[in-house]
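1. Structure for the following, please:
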Amino acid sequence: AAMTAFGPEMPAYSEIAPGVRRLVAPNPSMMTGPGTNTYLFGSKEIAVLDPGPAITAHIDNIIERSAGALRWILVTHTHPDHSPAAGLLASKVDAELLGIGAPEHGHQDRTFKPDRTLADGEVLETDEFRLEAIHTPGHASNHICYRHPALDWVFTGDHVIDGSTVVIDPPDGDMKHYIESLQRLKDLQCAALAPGHGEVIDDPDRVIDWIIAHRLGREEKVVAAVAEFPNHTSRELVPHVYKDVEPKLYGWAERSLLAHLKKLEADGRAITDCGRWALT
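-> This next block holds a predicted model:
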């Protein structure tokens, strides 16, 4: 999901706010940081968000922490570090699956079959909490953030992660939609963001502004490279745009570069002919 160095090791289980607990899945890596954050809301009737990858010990941990009260399983998106446990969990408890199913393309978890497909603005409300769906395409076309109005927090999945850039992998990943969704999230002016990887972010503007500035800065490097090396492919442009990235990461960098090129094309600033790019 992300390419980053995270901070100190996070506690595997903690109450991060009244009525909200976080379990960190045991899947640490360069792409997932300490692991995928799984969130549990409520106590009498529990909703779990992003149960993570299909790791039996983690699924058992969710069931144990839920103490028979799990009623809803929500996902932010269907990348393999966020949703594969959902169907397995639902098969063990009587819980409703909520979210948006996997799109046709991309590295998606097709086992996630929601009982209820959430549209932008739809709500899950109980006596203990309320969660509002915010459709935030970009990292994935089916990505949903969840606003918790009582806390004034947004649970962001992979849409916002502190100190890192998430992979935007076309055709499902879309840089233009991503930046637009970031701006929409910033406009909410919420008190904190609870990401899919890493610690709670209590200064959302700092992180969102950094991500947008970083992406637009990278976009201008793409423009400069295409101007200097017209009629090159996205792969040929990588070393010119990502001079700060190790060659072993060029494969991922090329996906983000292609996402930038497609945004420039959508903005009317670039054109492509048989995979070779030029400015308009």
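2. Okay, the closest residue in space to residue 136 that isn't next to it in sequence and residue 134: tell me how far apart.
-> Spatial nearest neighbour of residue 136, chain neighbours left out: residue 181 (4.0 Å); criterion: CB to CB, 6 or more residues apart in numbering. Glycine gets a C-beta too; all of them are placed from N, C-alpha and C. To residue 134, residue 181 is 8 Å away according to CB to CB, to the nearest Å.
3. ok, now residue 199?
-> On the measure of CB to CB, residue 199 and residue 134 end up 21 Å apart.
4. So between these two, which is more surrounded?
-> Each of residue 199 and residue 134 has its neighbours counted (other CB atoms under 10 Å); residue 134 has more, 21 against 17.
5. Next, count neighbours for residue 185.
-> If we define neighbours as other CB under 10 Å, then residue 185 has 21 of them.
6. most centrally placed residue in the chain?
-> Geometric centre of the chain, nearest residue: residue 158, 1.7 Å, by CA atoms, centre = their mean.
7. okay but residue 255 is in contact with residue 170, surely?
-> Yes: the criterion here is CB atoms under 8 Å, and residue 255 meets it with residue 170 at 6.8 Å.
8. higher neighbour count, these two?
-> Neighbours per residue, other CB under 10 Å: of residue 255 and residue 170, the larger number sits with residue 170, 19 against 16.
9. pull the longest helix from this protein.
-> If you go by DSSP state H, the chain has its longest helix at helix 204-228.
10. And that helix, what does it pack against?
-> strand 165-166, helix 175-187, strand 192-195, helix 234-241, helix 250-266, strand 276-279 (3 or more CB pairs under 8 Å, 6 or more residues apart in numbering; DSSP states H and E).
11. want to throw these into a markdown table with mean pLDDT and distance to residue 70?
-> Listed next are the helices and strands packed on helix 204-228 as a markdown table, based on pLDDT from 0 to 100; distance: least, CB to CB, whole Å:
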| stretch | mean pLDDT | distance to residue 70 |
| --- | --- | --- |
| strand 165-166 | 88 | 28 |
| helix 175-187 | 98 | 28 |
| strand 192-195 | 98 | 19 |
| helix 234-241 | 96 | 44 |
| helix 250-266 | 96 | 35 |
| strand 276-279 | 98 | 49 |
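12. Check those for me and report the most buried one.
-> strand 192-195 (a mean of 23; mean count of other CB atoms under 10 Å).
13. Need the contact partners of that one.
-> Contact partners of strand 192-195, identified using CB atoms under 8 Å, 6 or more residues apart in numbering, comprise 16, 20, 22, 37, 39, 151-158, 160-162, 185, 200-202, 204, 207.
14. Likewise for stretch 67-76?
-> Residues outside stretch 67-76 that contact it (CB under 8 Å, 6+ apart): 42-51, 62-63, 82-83, 86, 89-90, 93-99, 112, 118, 124, 131, 143-146, 155-159, 196.
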